[in-house]
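[1] Structure for this input, please:
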Amino acid sequence: MPVSSRSGAFWLVLALLALMSLIAAPRAHAQTPAPLAEWQYSVGIPLQKMFEGEPPTWQIRLGAAGSVRPRYDGANDYYLLAGPTIDIRYRDLAFFSTGEGLGWNAIFTDHWRAGLALTYDLGRREKKDHDHLAGMGNIGMAAETKIFAEYVVSKSFPMVIRANIRRQFGGANGWVGDVGAYMPLPGSSEKFFWFVGPAVTFADSAYMNRWFGVTAEQSARSGYPQHRAGAGIKSYGGGISAMWFFNKHWFATADFGVAALVGDARNSPVVQRTTNLTGDVSVVYQF
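    Modelled structure (predicted):
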């Protein structure tokens, strides 16, 4: 069903204001590399149409979240991110989310959801871990365009299979993507849902070399040996996500993820810890 010009203008203004606020403030659900599986940012969304039918015109959820995560892939130090959590959806057509980004569903049926989104990556700052990154330089914040697709197997076997690929503009200036799957666990009910699933992340040589490679110049400045990271699988892992509904409007979420670097990423001299964990919690009001 087409979006009216008035609704479209309202959506655009609201999304732009929210995007500006997120860029200016700390974020708890940024798309920066982290052990949280990519499917956990949109957990349960493709199941709504199969189990609940057509969505309402607007779904608006606002809250606060906190996340503990490594400073970058392979870091030894962890830090706390705190900030707003925003999830706004217009019918089954468009969305703005601190997890999924600003996007459009080109397809949304009982079994399929696919579309395009604009997200971001916070990059890596040398001064945040100067003892280990001195001489490596910064990886700047980058905008990302994302193509994603999700498939729900069936109502009796509600496994969701998800894949996405993202192109960075800035930062590593490369391609990175994920393939994952998840499904509800026993004990899920109308007021409590929890999901579990694996994920694999892959990237091209531009992305891998920017994050895990060491050039001759970087080697001279940092003392690390030169290292070239080729295209391929970057990491594998998985996660658990849960949602508790206190009443019609209030609910809480919790996520836990783990990711292990492999191949050229694992062997990078920049990497201090080959397996990283992350966790986050949020409290959200649903209008």
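
[2] who are the neighbours in contact with the nearest residue to residue 43 once chain neighbours are set aside?
    Distance criterion Cβ to Cβ, 6 or more residues apart in numbering; nearest residue to residue 43, sequence neighbours excluded, is residue 241 at 4.5 Å. No exception for glycine: its C-beta is placed from N, CA and C like everyone else's. For residue 241, the contacting residues are 40, 43, 182, 194, 195, 196, 253, 254, 255, 256, by Cβ atoms under 8 Å, 6 or more residues apart in numbering.

[3] can you check residue 100 too?
    So residue 100 contacts 41, 42, 117, 119 (Cβ under 8 Å, 6+ apart).

[4] Tell me if I'm right that the first one and residue 103 touch.
    By that I understand residue 41. No - contact between residue 41 and residue 103 fails when scored by Cβ atoms under 8 Å: they sit 11.2 Å apart.

[5] Residues that sit against both of those two, list them.
    Counting by Cβ under 8 Å, 6+ apart, the shared contacts of residue 41 and residue 103 are residue 97.

[6] Show me the beta-bridge partners of the residue nearest to residue 43.
    Beta-bridge partners of residue 241, counted by DSSP bridges, are residue 195, residue 255.

[7] again with residue 104
    Under the criterion used here (DSSP bridges), residue 104 is bridged to residue 94, residue 116.

[8] And the pLDDT for it?
    Looking at residue 104, its pLDDT stands at 97.

[9] What of residue 39?
    Value for residue 39, per-residue pLDDT: 87.

[10] Assign a three-state SS to it, would you?
    helix (DSSP: H, G, I helix; E, B strand; the rest coil).

[11] what about it, distance to residue 218?
    Relative to residue 218, residue 39 is positioned 34 Å away (Cβ to Cβ, to the nearest Å).

[12] Quick check on the two: which one has the bigger neighbour count.
    Higher neighbour count among residue 39 and residue 218: residue 39, with 29 against 18, using other Cβ atoms under 10 Å.

[13] Which of the helices or strands spans the residue lying farthest from the centre of the chain?
    The outermost residue of the chain, judged against the average C-alpha position, is residue 220 (34.2 Å), by Cα atoms, centre = their mean. Element membership for residue 220, per DSSP states H and E: helix 216-222.

[14] Same check on residue 209?
    Going by DSSP H and E, residue 209 is in helix 205-212.

[15] Packing partners of that helix?
    Helix 205-212 is packed against strand 175-184, strand 232-245, helix 263-266, with contacts defined by 3 or more Cβ pairs under 8 Å, 6 or more residues apart in numbering; DSSP states H and E.

[16] From the chain's centroid, how far away is it?
    Computed by Cα atoms, centre = their mean, to the nearest Å, the chain-centroid distance of helix 205-212 equals 19 Å.

[17] Using CSV, list the CA coordinates for that helix.
    Provided in CSV are the C-alpha atoms of helix 205-212 (Å, rounded to 0.1, in the frame of the first residue of the first chain):
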residue,chain,number,x,y,z
SER,A,205,40.5,-8.0,1.3
ALA,A,206,40.0,-4.2,1.6
TYR,A,207,38.1,-4.7,4.9
MET,A,208,40.3,-7.4,6.2
ASN,A,209,43.6,-5.6,5.5
ARG,A,210,42.3,-2.4,7.0
TRP,A,211,41.3,-4.0,10.3
PHE,A,212,43.8,-6.9,10.6
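
[18] In terms of pLDDT, where does the residue lying closest to residue 44 once chain neighbours are set aside sit?
    Nearest residue to residue 44 in three dimensions, chain neighbours excluded: residue 193, at 6.4 Å (Cβ to Cβ, 6+ apart). Per-residue pLDDT puts residue 193 at 92.
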